[in-house]
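**Student:** Could you work out the structure for the sequence below:
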Amino acid sequence: MGAYTSAVLTNRFECPFLIELIAAGLVAGLIGLVFGIPSMRVKGFYLAISTIAAQFIIIWVINHWTGVTGGFTGIRVPPASIGGITFVSQASQFYLIMAITALTVFFAKNLARTRVGRAFVAIRDNDLAAEVMGVNLFRYKFMAFFVGCFLAGIAGSLLAHWTGFMNAENFTFMDSILYIGMIIIGGSGTAVGPIFGVISIRMLQQGVMFISPMLEGSFLDLPAGFTTGIGPMVFGLVIILFLILEPRGLAHRWALFRTSYRLWPFSY
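**Tutor:** Residues are numbered from 1 along each chain as shown. Okay, here's the model as predicted:
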């Protein structure tokens, strides 16, 4: 929703980039609340799976609301522009995305230090204990859902300007599974977890692309289509290993490493 909000505001109304960026986050946050209310009683990955249903509903609306979204044809998105500077090249767009990503990470890390952030952590660790301590579960879950969808809307806006074109085919079911996999590998509940997850998945994809031609030319008698499907197979295997061996993700390992590094050479 953030991507299409940005596309419509920029393409049809020539809205300034910073304004449509914030609007994309707000629209995504509000729509996320609509779908999030029925999912308030579940948590963790059950919540992630339950909200995937919203994807099919939103894609159906996008494909059939042709007067606004362009339907199956799609809608073009001009490059982002700030203060007369237009980010046309991929390099300039990369630096813009990295700058906004750094700001969102800074916001997330500082939010965790506030009263709201501590309430989020308490609910994540043990919602029953948090409720006994006086934390309003519905209120803070509502806020957490809005903040998460707001940041996702900003990411969607940046994606729209990066690709320059939006239609429903930009958002597949496999993409949703991939994003969940990034959270599993990187670790949830931290600002750096998704970063670790994205880097790990991209490195895994590049590694599979490098190894696949070598397997095709090897002496192994591989069945037809094996190398084509090796990517999803490796992805699924890595997810299973993380769920079994390190369910808290790479962010937890990073926290342990930082703690041991600060204490070295002492163990206390």
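**Student:** which regions of the stretch 1-150 of the chain sit below the pLDDT cut-off?
**Tutor:** 39, 43-45 (pLDDT under 70).
**Student:** all strands for it, in order.
**Tutor:** 75-76, 81-82, 85-86 (DSSP state E, counting those that start in this stretch).
**Student:** Show me what the first one is in contact with.
**Tutor:** The one in question is strand 75-76. Tyr4, Ala7, Val8, Asn11, Thr69, Gly164, Phe165, Met166, Asn167 (Cβ atoms under 8 Å, 6 or more residues apart in numbering). All C-beta spots, glycine's among them, are computed from the backbone N, C-alpha and C.
**Student:** Over to stretch 240-250?
**Tutor:** With Cβ under 8 Å, 6+ apart, stretch 240-250 has contacts from Ile183, Ile184, Ile185, Gly186, Gly187, Ser188, Gly193, Phe196, Gly197, Ser200, His252, Arg253.
**Student:** again, but for stretch 78-88
**Tutor:** Thr10, Asn11, Pro16, Phe17, Leu18, Gln93, Leu96, His161, Gly164.
**Student:** repeat that for 7 Å
**Tutor:** Thr10, Asn11, Phe17, Leu18, Gln93, Leu96, His161 (Cβ atoms under 7 Å, 6 or more residues apart in numbering).
**Student:** Ok, stretch 103-122 next?
**Tutor:** Contacts of stretch 103-122 (Cβ under 7 Å, 6+ apart): Ala130, Met133, Val135, Tyr140, Met143, Ala144, Leu151, Ile154, Ala191.
**Student:** Flag every buried residue along that stretch.
**Tutor:** By neighbour count on 16 or more other Cβ atoms under 10 Å, the buried set for stretch 103-122 is Ala108, Gly117, Ala119, Phe120, Ala122.
**Student:** before we move on, what about stretch 197-207?
**Tutor:** Gly197, Val198, Ser200, Ile201, Leu204.
**Student:** Give me the phi and psi for Ile239.
**Tutor:** Dihedral pair for Ile239: phi -60, psi -40, per degrees, to the nearest 10.
**Student:** Nearest residue to Ile195 in space, ignoring adjacent ones along the chain?
**Tutor:** Gly186 (6.7 Å; Cβ to Cβ, 6 or more residues apart in numbering).
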